[in-house]
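>>> For reference, the sequence and a predicted model appear below.
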Amino acid sequence: MITFVLSLIALVAGYLIYGRIVERIFAPDDRPTPAVSMADGVDYVVLPGWKIFMIQFLNIAGTGPIFGAIMGAKFGPSAYLWIVLGCIFAGAVHDYLSGMLSMRHGGAGLPELVGAYLGDRTKKVMLVFSVFLLLMVGAVFVYSPAIILGKLCSDSLTWVYIWCLIIFAYYFLATMLPIDKIIGRIYPIFAIAMLFMAIALMGVLFIKWPSLPELTDGLTNMNPASGTIFPCLFITIACGAISGFHATQSPLMARCIKSERQGRPLFYGAMITEGVVALIWATVSMYFFYGGAAGELGVPATLQAPEVVTTVSQGWLGVFGGALAILGVVAAPITSGDTALRSARLIIAEFLHLEQHSIRKRIYICIPVFGVTLALLWYNIADADGFNVIWNYFGWANQTLAVFTLWTITVYLVRKKKNYWITLLPAMFMTAVCLSFLLISKDSFGLPTIVGYISAIAAFIISGLLFAIWKTSAGKSMHN
C-alpha cells in the first residue's frame with residue numbers, strides 16, 4: 001500500500017507541477033474558442049466547465065482504466081510505474097495538447113491535425129485508421145454490455161440480441177442529436193457514479209490496508225503468461241497511462257469550451273483523474289490476485305476482469321456497490337461507443353467538407369458508419385473468438401494512434417519554436433513499444449522476444465535521428 005499512496009501523491013503533484021509547465025509551453029490565451037466563434041447548436045455548443053470535465057473523463061475512460069488496470073496488475077508493481085509516469089509525462093500531455101491543438105484549428109478532428117503537420121498522405125492513412133478504430137470501439141462496446149444485460153434477463157442469447165438492438169438504437173440517437181441533448185445530460189451522472197465507485201473502493205483499501213507487492217520488492221514479471229513487461233504491459237494498460245483513442249475524443253470537447261484557459265483542468269486533469277482510477281483498480285487487483293482478497297471473497301484468483309469488478313464491488317460494497325459495478329461496467333462502454341461513432345461522423349464530415357447542421361447531411365454519413373459497425377458487430381457475435389480478435393487489434397491500433405498524435409504535436413511545437421521535448425521523448429518511446437509489440441505478439445508476427453527488444457531500441461534511435469534530420473531541414477526552411 002505504500003507504493004499506492006506514493007503513486008497517488010505523484011499523480012496529484014504531476015498535475016500541479018508538470019501540468020502547469022506543459023500549459024505554459026502551449027500558452028493559452030483569450031482568443032475566441034470554436035464553441036463561441038463557430039457555434040451551430042449541434043456540435044459547437046458552449047457547456048459548463050464541470051460538465052465538460054465529466055463528459056471528457058467518461059469519454060476517455062470507458063472501461064479502459066478498469067479492465068486494463070486489472071489485467072496490467074498481473075504483471076506486478078511495474079504497473080504502478082507505468083500508470084504514474086505514463087499518465088504524467090505522456091498521456092496527460094497527449095490529451096491536453098491534442099485538445100488544445102484542435103481548439104486552435106477550429107475544433108478539427110485528429111486526421112485534419114495530422115494532415116496539417118505530417119502531410120496529406122499521412123492524413124489519408126490516419127483518416128482510414130482512426131475511423132476504423134472508432135468503428136471497432138462502437139462494435140466492441142455494443143456487445144460487451146449487451147452480454148451482461150442479457151444475462152441479467154435470461155440465459156437465452158435472444159436477450160443479448162435484443163440489448164444489442166437497444167444499445168445500437170441509442171447510439172444512433174446520441175450520434176445524431178445535438179451534443180447537449182443526450183450526452184451533455186446523462187454523461188455527468190454516469191461519470192459521478194464511476195468516480196464514486198472508485199473512491200469507495202479506495203476507502204475500503206485504506207481500511208483493510210493489505211500487504212501487497214511493492215516497488216521495493218523489484219520489478220519481476222509476476223505473470224509471464226501475460227507476456228513480457230516490455231512491451232506487453234504498455235499495450236495492456238492504455239487508458240490509465242496513454243491512449244490514442246483520447247485524441248479522437250478531445251476534439252468533441254474542444255468544440256464546447258468557452259475559454260482556452262480551461263484546458264489544463266479539463267484535458268490534463270481528466271487524464272490524471274483517469275490515472276487515479278487506474279491506480280485504484282490496479283491496487284484492488286494486486287490485492288485480489290496476490291494479497292488474498294480472492295480467498296476472502298470465496299472465489300478463484302483466476303477470474304477475468306469483468307468478474308473481478310462485480311465480485312469485488314459486491315463483496316466490499318454490498319448491494320449498492322454491486323449496482324454501481326453493473327452501472328460502471330455497462331454504462332462506461334456504451335458511453336465510449338456512442339462518442340466514438342459521433343467522432344467518426346465528424347471526422348468523415350470534415351474530410352468531405354459536409355456541414356453537419358442539417359439532420360439530412362448527418363444521416364448521409366451515419367448510414368454507412370452504422371452499416372460497417374453492424375458488420376463488425378455481426379463478426380463479434382458469429383465468430384467464437386471474434387471479440388478477442390477485434391479487442392487485440394484495437395489495443396495495438398489504440399497505441400499506434402497515440403504515436404501519430406505525439407509526432408503531430410511535436411512538429412507543431414517545433415514550428416512554433418516551443419519546447420518540443422515534452423512530446424518528442426514519449427513519441428519515440430511509444431514508437432518503440434508499438435513496433436516491438438507488433439513483431440512479437442502471437443496475434444501478429446509472433447517473432448522471438450529478443451527480436452522485439454532489438455527492434456525497439458532501433459526504432460527509438462532511428463525515429464530520433466529522422467526527427468533530427470527533419471528538424472534541421474525545417475529549421476533552414478523557416479530561416480530562409
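Now that the structure is in, tell me what you want to look at. Residues are numbered from 1 along each chain as shown.

>>> how about the helices in the stretch 251-400 of the chain?
263, 269-290, 293-297, 305-352, 359-382, 386-415 (DSSP state H, counting those that start in this stretch).

>>> Nearest to residue 58, out of the ones you listed?
helix 305-352 (5.2 Å; C-beta to C-beta). The C-beta positions use only the backbone N, C-alpha and C, and glycine is treated the same way.

>>> picking up where we left off before, so can I have TSV of the helices of the stretch 251-400 of the chain showing distance to residue 236?
Listed next are the helices of the stretch 251-400 of the chain as TSV, based on distance: least, C-beta to C-beta, whole Å:
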stretch	distance to residue 236
helix 263	29
helix 269-290	11
helix 293-297	20
helix 305-352	11
helix 359-382	21
helix 386-415	7
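
>>> Residue 81: which of those helices is closest?
helix 269-290 (10.8 Å).

>>> Give the other helices and strands that that closest one contacts.
Secondary-structure packing of helix 269-290 (3 or more C-beta pairs under 8 Å, 6 or more residues apart in numbering; DSSP states H and E): helix 2-13, helix 49-61, helix 69-73, helix 78-86, helix 92-104, helix 183-208, helix 293-297, helix 305-352.

>>> Give me the angle between the longest one and helix 269-290.
Okay, so that is helix 305-352. 150 degrees (axes from the mean of the first three to the mean of the last three C-alpha atoms, to 10 degrees).

>>> do you know how far residue 210 is from residue 295?
As judged by C-beta to C-beta, to the nearest Å, residue 210 and residue 295 stand 12 Å apart.

>>> So for these two, which sits in the more crowded spot?
Ranked by neighbour count (other C-beta atoms under 10 Å), residue 210 and residue 295 place residue 210 first, with 18 against 11.

>>> Show the contacting residues for that one.
Contact analysis of residue 210 by C-beta atoms under 8 Å, 6 or more residues apart in numbering lists 1, 287, 291-293.

>>> at 7 Å what do you get?
1, 287, 291 (C-beta atoms under 7 Å, 6 or more residues apart in numbering).

>>> What does the pLDDT read for the second one?
I take that to be residue 287. We have a pLDDT of 95 for residue 287.

>>> number of nearby residues for the closest residue to residue 330 other than its chain neighbours?
Distance criterion C-beta to C-beta, 6 or more residues apart in numbering; nearest residue to residue 330, sequence neighbours excluded, is residue 145 at 4.3 Å. Applying other C-beta under 10 Å, we find 21 other residues in the vicinity of residue 145.

>>> can you pull the contacts of residue 145?
The neighbours of residue 145, taking C-beta under 7 Å, 6+ apart as the test, are 167, 330, 333-334.

>>> try 8 Å
Contacts of residue 145 (C-beta under 8 Å, 6+ apart): 163, 167, 329-331, 333-334.

>>> Nearest to residue 132 among those?
For those, the nearest to residue 132 is residue 333 (18.2 Å; C-beta to C-beta).

>>> how far away is the closest one from residue 225?
Counting by C-beta to C-beta, the gap from residue 333 to residue 225 is 25 Å.

>>> more neighbours, the two?
Set side by side, residue 333 and residue 225 show more neighbours around residue 333, with 24 against 6, by other C-beta under 10 Å.

>>> wait, isn't the more buried one in contact with residue 138?
No: look at residue 333 against residue 138 with C-beta atoms under 8 Å: they stay out of range, at 10.0 Å.

>>> what's stretch 26-37 in contact with?
So stretch 26-37 is in contact with 44-47, 96-97, 100, 103, 106-107, 254-261, 263-264, 418, going by C-beta under 8 Å, 6+ apart.

>>> which stretches of the chain have low pLDDT?
Residues of the chain that meet the criterion pLDDT under 70 lie in 325, 329, 380, 382-392, 476-480.

>>> out of the contacts of stretch 26-37, which are buried?
Those of the contacts of stretch 26-37 that meet the buried threshold are 44-45, 47, 96-97, 100, 103, 106-107, 254-257, 259-260, 263-264, by 16 or more other C-beta atoms under 10 Å.

>>> returning to that earlier point: nearest to residue 197, of the helices of the stretch 251-400 of the chain?
Closest approach to residue 197 among the helices of the stretch 251-400 of the chain (C-beta to C-beta): helix 305-352, 4.4 Å.

>>> What strand or helix carries residue 140?
helix 120-153 (DSSP states H and E).

>>> and if you look at residue 114?
Using DSSP H and E, residue 114 falls in helix 110-118.

>>> ok, and for the helix or strand harbouring residue 450, which residues are buried?
Secondary structure from DSSP H and E places residue 450 in helix 449-479. Using 16+ other C-beta under 10 Å as the burial criterion, the residues of helix 449-479 that qualify are 452-453, 455-456, 459-460, 463, 467.

>>> One more: stretch 153-162?
Neighbour-count burial for stretch 153-162, counted by 16+ other C-beta under 10 Å, picks out 159-160, 162.

>>> next one: stretch 112-125
Per 16+ other C-beta under 10 Å, stretch 112-125 contains these buried residues: 112-118, 122-123, 125.

>>> Now these in CSV, please, with extra columns for distance to residue 299.
Shown next, in CSV, are the buried residues of stretch 112-125 (distance: C-beta to C-beta, whole Å):
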residue, distance to residue 299
112, 48
113, 46
114, 45
115, 50
116, 51
117, 50
118, 48
122, 48
123, 49
125, 45
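
>>> what's the offset of the helix holding residue 114 from the middle of its chain?
Helix 110-118 sits 19 Å away from the centroid of its parent chain (C-alpha atoms, centre = their mean, to the nearest Å).

>>> Show me what it is packed up against.
For helix 110-118, the packing partners by 3+ C-beta pairs under 8 Å, 6+ apart are helix 92-104, helix 120-153, helix 245-254, helix 305-352, helix 386-415.

>>> now the angle between helix 120-153 and the longest one, please.
Compare the direction of helix 305-352 with that of helix 120-153 by the same axes, to 10 degrees and you get 140 degrees.

>>> tell me the contacts of residue 18?
Counting by C-beta under 8 Å, 6+ apart, residue 18 makes contact with 88-89, 92.

>>> One more pass at 7 Å, please.
Listed by C-beta under 7 Å, 6+ apart, the contact set of residue 18 reads 88-89.

>>> what's the distance between it and residue 260?
19 Å.

>>> wouldn't residue 95 be in contact with residue 267 here?
Yes: under the criterion of C-beta atoms under 7 Å, residue 95 makes contact with residue 267 at 4.9 Å.
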